[in-house]
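Undergrad: here you go, sequence then predicted model.
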Amino acid sequence: MKQISIEDAYRQLYAHTHAIREIYEQKGKKVIAVLGSFDTWSYMDYTCRVLAKLGHFAVTSLYCYFEKDREIVRRERSDPFRAILMRDSLRFMIFHEAHVAIIIYSVPGAHYIETEWCYERSGKDPDFKCYGITFVRKVTNERNCPHLNINVYGLECSECVSGRTRTAWDCIRERDFCPFKEQEVAKNVLEYFFVRQNMRLFALERLDILEELLRRLV
(Lines give C-alpha, C1' and ligand atoms only; values in the text may rest on other atoms or scores of the structure.)
Protein backbone atom coordinates (compact mmCIF):
# COMPACT_ATOMS: atom_id res chain seq x y z
CA MET A 1 0.00 0.00 0.00
CA LYS A 2 1.39 3.39 -1.00
CA GLN A 3 1.77 6.07 1.65
CA ILE A 4 -0.78 8.83 1.17
CA SER A 5 -1.85 11.75 3.33
CA ILE A 6 -5.37 11.77 4.76
CA GLU A 7 -6.13 14.99 2.89
CA ASP A 8 -5.10 13.45 -0.44
CA ALA A 9 -6.96 10.27 0.43
CA TYR A 10 -10.24 12.11 0.95
CA ARG A 11 -9.72 14.19 -2.17
CA GLN A 12 -9.24 11.06 -4.27
CA LEU A 13 -12.12 9.26 -2.56
CA TYR A 14 -14.62 12.03 -3.24
CA ALA A 15 -13.57 12.26 -6.88
CA HIS A 16 -13.73 8.48 -7.41
CA THR A 17 -17.04 8.17 -5.58
CA HIS A 18 -18.62 10.93 -7.65
CA ALA A 19 -17.49 9.25 -10.86
CA ILE A 20 -18.78 5.79 -9.87
CA ARG A 21 -22.14 7.13 -8.67
CA GLU A 22 -22.57 9.05 -11.93
CA ILE A 23 -21.79 5.97 -14.04
CA TYR A 24 -24.34 3.81 -12.22
CA GLU A 25 -26.99 6.51 -12.02
CA GLN A 26 -26.79 6.89 -15.81
CA LYS A 27 -27.44 3.15 -16.11
CA GLY A 28 -30.41 3.37 -13.74
CA LYS A 29 -28.49 1.38 -11.11
CA LYS A 30 -27.13 2.12 -7.64
CA VAL A 31 -24.07 2.04 -5.43
CA ILE A 32 -25.03 -0.17 -2.49
CA ALA A 33 -23.14 -0.51 0.81
CA VAL A 34 -23.37 -3.97 2.37
CA LEU A 35 -22.63 -3.84 6.08
CA GLY A 36 -22.22 -6.43 8.81
CA SER A 37 -19.58 -8.10 10.95
CA PHE A 38 -17.02 -10.87 10.53
CA ASP A 39 -19.46 -13.63 11.48
CA THR A 40 -21.79 -12.60 8.63
CA TRP A 41 -19.06 -12.30 6.00
CA SER A 42 -20.26 -15.25 3.88
CA TYR A 43 -23.75 -13.69 3.73
CA MET A 44 -22.30 -10.26 2.91
CA ASP A 45 -20.16 -11.68 0.11
CA TYR A 46 -23.14 -13.55 -1.34
CA THR A 47 -25.34 -10.45 -1.10
CA CYS A 48 -22.73 -8.36 -2.94
CA ARG A 49 -22.48 -10.92 -5.71
CA VAL A 50 -26.26 -10.94 -6.13
CA LEU A 51 -26.32 -7.13 -6.29
CA ALA A 52 -23.53 -7.10 -8.88
CA LYS A 53 -25.45 -9.69 -10.91
CA LEU A 54 -28.43 -7.30 -10.84
CA GLY A 55 -26.20 -4.58 -12.31
CA HIS A 56 -25.40 -2.58 -9.18
CA PHE A 57 -22.03 -1.60 -7.69
CA ALA A 58 -21.73 -3.17 -4.23
CA VAL A 59 -19.20 -2.06 -1.62
CA THR A 60 -18.00 -3.39 1.72
CA SER A 61 -15.10 -2.18 3.84
CA LEU A 62 -12.86 -4.76 2.10
CA TYR A 63 -14.05 -5.08 -1.49
CA CYS A 64 -16.03 -3.59 -4.38
CA TYR A 65 -18.18 -5.88 -6.53
CA PHE A 66 -19.41 -5.23 -10.06
CA GLU A 67 -20.23 -7.05 -13.26
CA LYS A 68 -17.88 -6.89 -16.23
CA ASP A 69 -18.22 -8.93 -19.42
CA ARG A 70 -20.91 -11.04 -17.70
CA GLU A 71 -18.53 -11.96 -14.88
CA ILE A 72 -18.72 -10.83 -11.24
CA VAL A 73 -15.52 -8.98 -10.30
CA ARG A 74 -14.43 -8.59 -6.67
CA ARG A 75 -11.75 -5.94 -6.29
CA GLU A 76 -9.90 -4.86 -3.15
CA ARG A 77 -10.53 -1.39 -1.82
CA SER A 78 -8.20 1.33 -3.09
CA ASP A 79 -5.21 2.73 -1.24
CA PRO A 80 -7.03 6.05 -0.50
CA PHE A 81 -9.90 4.15 1.15
CA ARG A 82 -7.47 2.24 3.38
CA ALA A 83 -5.47 5.39 4.18
CA ILE A 84 -8.19 6.77 6.45
CA LEU A 85 -9.39 5.42 9.79
CA MET A 86 -11.53 2.30 9.47
CA ARG A 87 -14.34 3.98 11.40
CA ASP A 88 -14.20 6.98 9.07
CA SER A 89 -14.20 4.78 5.98
CA LEU A 90 -17.38 3.07 7.22
CA ARG A 91 -19.01 6.43 7.76
CA PHE A 92 -17.86 7.56 4.31
CA MET A 93 -19.52 4.51 2.75
CA ILE A 94 -22.87 5.32 4.37
CA PHE A 95 -22.94 9.09 3.98
CA HIS A 96 -21.16 9.59 0.65
CA GLU A 97 -20.82 6.43 -1.42
CA ALA A 98 -24.11 4.62 -1.12
CA HIS A 99 -27.52 5.25 -2.60
CA VAL A 100 -28.72 2.30 -0.49
CA ALA A 101 -27.38 0.40 2.53
CA ILE A 102 -28.03 -3.23 3.43
CA ILE A 103 -27.18 -4.38 6.96
CA ILE A 104 -26.85 -8.12 7.63
CA TYR A 105 -27.78 -8.68 11.27
CA SER A 106 -26.55 -11.57 13.37
CA VAL A 107 -25.50 -11.62 17.01
CA PRO A 108 -26.87 -9.40 19.80
CA GLY A 109 -25.21 -6.02 20.11
CA ALA A 110 -23.77 -6.05 16.60
CA HIS A 111 -24.03 -3.27 14.02
CA TYR A 112 -25.09 -0.44 16.35
CA ILE A 113 -22.90 2.16 14.69
CA GLU A 114 -23.92 1.19 11.13
CA THR A 115 -27.59 1.33 12.11
CA GLU A 116 -27.19 4.68 13.88
CA TRP A 117 -25.48 6.25 10.87
CA CYS A 118 -28.06 4.84 8.44
CA TYR A 119 -30.78 6.18 10.71
CA GLU A 120 -29.09 9.58 10.73
CA ARG A 121 -28.69 9.72 6.96
CA SER A 122 -32.22 8.44 6.27
CA GLY A 123 -33.58 11.31 8.37
CA LYS A 124 -31.74 13.87 6.24
CA ASP A 125 -32.10 12.19 2.85
CA PRO A 126 -35.54 10.72 2.03
CA ASP A 127 -34.11 9.11 -1.13
CA PHE A 128 -31.65 7.03 0.92
CA LYS A 129 -32.89 3.54 1.73
CA CYS A 130 -31.65 1.13 4.38
CA TYR A 131 -32.67 -2.53 4.45
CA GLY A 132 -31.91 -4.78 7.41
CA ILE A 133 -31.76 -8.52 6.70
CA THR A 134 -31.38 -11.39 9.11
CA PHE A 135 -31.18 -15.08 8.20
CA VAL A 136 -33.18 -17.25 10.58
CA ARG A 137 -34.43 -20.82 10.94
CA LYS A 138 -38.07 -19.74 10.96
CA VAL A 139 -39.66 -16.59 9.52
CA THR A 140 -43.15 -17.38 10.82
CA ASN A 141 -44.88 -19.37 13.53
CA GLU A 142 -48.40 -20.51 14.28
CA ARG A 143 -48.62 -17.49 16.57
CA ASN A 144 -46.95 -14.50 14.91
CA CYS A 145 -46.47 -11.03 16.34
CA PRO A 146 -49.30 -8.80 14.99
CA HIS A 147 -46.61 -6.45 13.66
CA LEU A 148 -45.08 -9.15 11.45
CA ASN A 149 -45.96 -9.02 7.75
CA ILE A 150 -45.51 -12.51 6.28
CA ASN A 151 -44.87 -13.65 2.69
CA VAL A 152 -43.70 -10.20 1.60
CA TYR A 153 -43.92 -9.88 -2.23
CA GLY A 154 -45.20 -13.48 -2.22
CA LEU A 155 -41.80 -14.69 -0.96
CA GLU A 156 -40.97 -16.81 2.06
CA CYS A 157 -39.81 -13.89 4.16
CA SER A 158 -41.23 -11.70 6.91
CA GLU A 159 -41.01 -7.97 7.54
CA CYS A 160 -41.35 -6.05 10.77
CA VAL A 161 -44.02 -3.39 10.16
CA SER A 162 -44.13 -1.83 13.61
CA GLY A 163 -44.77 1.90 13.48
CA ARG A 164 -43.64 5.00 15.31
CA THR A 165 -45.80 4.34 18.37
CA ARG A 166 -44.07 1.05 19.17
CA THR A 167 -40.97 0.80 21.38
CA ALA A 168 -38.42 -1.85 22.30
CA TRP A 169 -40.25 -2.19 25.63
CA ASP A 170 -43.31 -3.32 23.69
CA CYS A 171 -41.18 -5.92 21.91
CA ILE A 172 -39.88 -7.22 25.22
CA ARG A 173 -43.44 -7.62 26.54
CA GLU A 174 -44.72 -9.21 23.32
CA ARG A 175 -45.10 -12.98 23.76
CA ASP A 176 -45.99 -13.86 20.17
CA PHE A 177 -43.33 -15.10 17.74
CA CYS A 178 -40.83 -12.63 16.25
CA PRO A 179 -38.01 -13.93 13.99
CA PHE A 180 -35.81 -10.96 14.91
CA LYS A 181 -36.09 -11.67 18.62
CA GLU A 182 -35.53 -15.34 17.83
CA GLN A 183 -32.26 -14.36 16.14
CA GLU A 184 -31.50 -12.18 19.19
CA VAL A 185 -31.19 -8.93 17.25
CA ALA A 186 -30.98 -6.27 19.96
CA LYS A 187 -34.38 -4.71 20.75
CA ASN A 188 -33.06 -1.15 20.60
CA VAL A 189 -31.65 -1.91 17.13
CA LEU A 190 -35.19 -2.87 16.08
CA GLU A 191 -36.43 0.54 17.22
CA TYR A 192 -34.53 2.32 14.45
CA PHE A 193 -36.73 0.56 11.90
CA PHE A 194 -39.95 1.57 13.67
CA VAL A 195 -39.33 5.27 13.10
CA ARG A 196 -38.06 5.63 9.53
CA GLN A 197 -40.27 4.73 6.58
CA ASN A 198 -37.16 4.43 4.40
CA MET A 199 -35.69 1.76 6.72
CA ARG A 200 -37.15 -1.76 6.44
CA LEU A 201 -36.30 -4.98 8.27
CA PHE A 202 -36.66 -8.48 6.79
CA ALA A 203 -36.18 -12.06 8.00
CA LEU A 204 -35.23 -14.76 5.50
CA GLU A 205 -34.95 -18.49 5.99
CA ARG A 206 -33.59 -19.35 2.55
CA LEU A 207 -30.76 -17.79 0.57
CA ASP A 208 -32.37 -18.67 -2.73
CA ILE A 209 -35.06 -15.99 -2.34
CA LEU A 210 -32.57 -13.20 -1.62
CA GLU A 211 -32.07 -12.29 -5.28
CA GLU A 212 -35.78 -11.80 -5.91
CA LEU A 213 -36.20 -9.79 -2.69
CA LEU A 214 -33.30 -7.50 -3.63
CA ARG A 215 -34.68 -7.14 -7.14
CA ARG A 216 -37.93 -5.83 -5.60
CA LEU A 217 -36.19 -3.54 -3.14
CA VAL A 218 -33.40 -1.90 -5.13
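TA: Now that the structure is in, tell me what you want to look at.
Undergrad: just the helices in the chain please.
TA: Counting by DSSP state H, the segments of the chain that form helices are 6-26, 41-53, 79-82, 86-92, 112-124, 168-173, 179-182, 187-195, 210-217.
Undergrad: next, format those as CSV and append distance to C145.
TA: Every C-beta, even on glycine, is put in place using the N, C-alpha and C of the backbone. Below are those laid out as CSV (distance: least, Cβ to Cβ, whole Å):
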stretch, distance to C145
helix 6-26, 37
helix 41-53, 24
helix 79-82, 40
helix 86-92, 31
helix 112-124, 20
helix 168-173, 8
helix 179-182, 8
helix 187-195, 11
helix 210-217, 20
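Undergrad: in this protein, which residue is closest to the centre?
TA: Nearest to the geometric centre of the chain sits I102, at 1.0 Å (Cα atoms, centre = their mean).
Undergrad: thought it was touching I133?
TA: Yes - with contacts defined as Cβ atoms under 8 Å, I102 counts as touching I133 at a distance of 6.3 Å.
Undergrad: list the residues that contact both of the two?
TA: Jointly contacting I102 and I133 under the rule Cβ atoms under 8 Å, 6 or more residues apart in numbering are T47.
Undergrad: returning to what we had before: between the helices of the chain, which one is closest to S106.
TA: helix 41-53 (8.2 Å; Cβ to Cβ).
Undergrad: contacting residues around the closest one?
TA: 32, 34-36, 58-60, 63, 65-67, 72-74, 102, 104, 133, 135, 207, 210-211, 214, 218.
Undergrad: pull out the buried members of those.
TA: 32, 34-36, 58-60, 63, 65-67, 102, 104, 133, 135, 210-211, 214, 218 (16 or more other Cβ atoms under 10 Å).
Undergrad: ok, how many other residues are close to R137?
TA: The tally of other residues near R137 (other Cβ atoms under 10 Å) stands at 9.
Undergrad: which residues of this protein score low on pLDDT?
TA: 1-2, 107-110 (pLDDT under 70).
Undergrad: got a list of what F66 touches?
TA: 52, 56-58, 72-73, 75.
Undergrad: closest one of these to A19?
TA: Of those, the one sitting nearest to A19 (Cβ to Cβ) turns out to be F57, at 11.1 Å.
Undergrad: contact partners for L148?
TA: Neighbours of L148 in contact, by Cβ under 8 Å, 6+ apart: 140, 158-161, 177-179.
Undergrad: look up the closest residue to C160, ignoring the ones flanking it.
TA: Distances taken as Cβ to Cβ, 6 or more residues apart in numbering place L201 nearest to C160, at 4.5 Å, with adjacent residues excluded.
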